[in-house]
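[1] Fold the following, please.
(one chain, ligands or ions: 2)
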Amino acid sequence: MKITGIELRRIAMPLVTPFRTSFGTETERDVLLVRVVTPDAEGWAECVAMSEPLYSPEHVDGAAEVLRRFLIPALPADADAYGAGRAMEPFKGHRMAKAALETAVLDARLRAGGQSLASFLGASADRVPSGVSVGIMGSVPELLDTVGGYLAEGYVRIKLKIEPGWDLEPVGAVRERFGADLLLQVDANAAYTLTDASHLARLDEFGLLLIEQPLANDDMVQHAELAKRLRTPICLDESIDSAAHAAAAITLGACSIINVKPGRIGGYLEARRIHDLARAHGVALWCGGMLETGIGRAANLALAAMPGFTLPGDISASRRYYATDITPPFELQDGYIGVPTGPGIGVDPVQDVLKEVTTATEWIPF
Ligand code: OSB
Ligand code: MG
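    Ligands and ions are numbered 1, 2, ... in the order given. Predicted coordinates:
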């Protein structure tokens, strides 16, 4: 069925609590939603680009511009997700924008055919263990309170954001307070350089699952060097833009674990390629997050249910982010979140809520 039009919709979603990382503090998520309309189904997707290019080179206004000016005009009206990928391929970069369009097309096609995204991807689990990413705080007691609260809710793994000046002390305090059995990892969002290697090696004593993206995006060789100097396994996030990057990182020994964010790498088809590659090489995977609403979260749950996703991810319950989500909220049950089973991503926006948070809409007819 031919696409009749595509809607770009911007929504403003206040976070329940500010989220501070080494690159900035987020208090409100400015989200771009893509809705692909066909005569027999509508597909939804969320673009993970943030309001400023601090995590990655993309930003949400730029993603909207690339979609309306290049990606949507190149999309054949009868394209499926593979066709969408091929049509967008000549345009360099802009993977977050591409991922949103490809995913919305995929969702529309799967809904029309009555197949869930989880089934399409080859998911093997019906629920996934839930971890939580904890921002940089003003003090260690505040951090301990926050982590204690999340553990009381049932989260099975804690990730602490770190940066120079907020690393050994808070990590040591969390390990000390919550004990050796706590699944604990850290994420530096590229805040260090290789000259910090001996400092980062002092994290080894805390028995972390991994250290995520300690060095800059394009420091692939430096990560390989750092891996030789740390006992803590290195996980890459920002450095992995594609399956080709994943292959390079694995070959170089730059990481032994990958945080897969479908938005960052261009979509769920590319995520599945990384899954198959990593699995063949014995590299562990987990599904990261970008403070998604229920639309992005639903799709990530399907991915995280694939067999190669062997570590708990950053897919937390809706209420960890938003007082009112735009979909029925995802809830934690015994530390797990259920994988949607309905056609496509398996969830729909709640129209009243969606209206309330919408700041702009744009309809692009085909
Ligand atoms: O580096 O994983 C990251 C959020 C925004 C941008 C980058 C990152 C994050 C998170 C939060 O860590 C993950 C989540 O709970 O959605
Ligand atoms: Mg990260």
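
[2] In the stretch 101-250 of the chain, which residue sits closest to ligand 1?
    S133 (3.6 Å; CB to the nearest ligand atom). Bear in mind the C-beta positions are built from the backbone N, C-alpha and C, glycine included.

[3] for that residue, what are its contacts?
    Listed by CB atoms under 8 Å, 6 or more residues apart in numbering, the contact partners of S133 are K159, K161, D187, G289, D314, S316.

[4] would you list the residues you listed in TSV and tack on distance to T251, secondary structure and pLDDT?
    Conversion of the contacts of S133 to TSV gives the following (distance: CB to CB, whole Å; DSSP: H, G, I helix; E, B strand; the rest coil; pLDDT from 0 to 100):
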residue	distance to T251	secondary structure	pLDDT
K159	26	strand	98
K161	29	strand	98
D187	24	strand	98
G289	27	coil	98
D314	26	coil	98
S316	33	coil	98
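
[5] which SSE is the residue of the stretch 101-250 of the chain closest to ligand 1 in?
    Element membership of S133 [criterion: DSSP states H and E] is strand 131-134.

[6] who does that strand pair up with?
    Each strand that pairs with strand 131-134, with its direction, by DSSP bridges: strand 157-161 (parallel).

[7] Tell me, what's the model's pLDDT at the closest residue to C255 other than its chain neighbours?
    With CB to CB, 6 or more residues apart in numbering as the measure, L236 is the residue that lies nearest to C255, at 4.3 Å, once sequence neighbours are left out. L236 is assigned a pLDDT of 98 by the prediction.

[8] Just confirm R9 contacts I364, I think it does.
    No. Checked against CB atoms under 8 Å, the pair R9 and I364 is beyond contact range at 11.5 Å.

[9] Would you mind telling me which of these two has more residues around it?
    The residue with more neighbours, out of R9 and I364, is R9; 20 against 14, by other CB atoms under 10 Å.

[10] wait, does the helix or strand containing that one contact ligand 2?
    Counting by DSSP H and E, the secondary-structure element that holds R9 is strand 5-21. No. Contact of strand 5-21 with ligand 2 (CB under 5 Å from the ion) is absent, the minimum separation being 8.0 Å.

[11] Report the strands that pair with that strand, each with its relative direction.
    Next to strand 5-21 in the sheet, as set by DSSP bridges, lie strand 24-37 (antiparallel), strand 358-365 (antiparallel).

[12] Buried ones in it, by neighbour count?
    I6, E7, L8, R9, R10, I11, M13, L15, F19, R20, T21 (16 or more other CB atoms under 10 Å).
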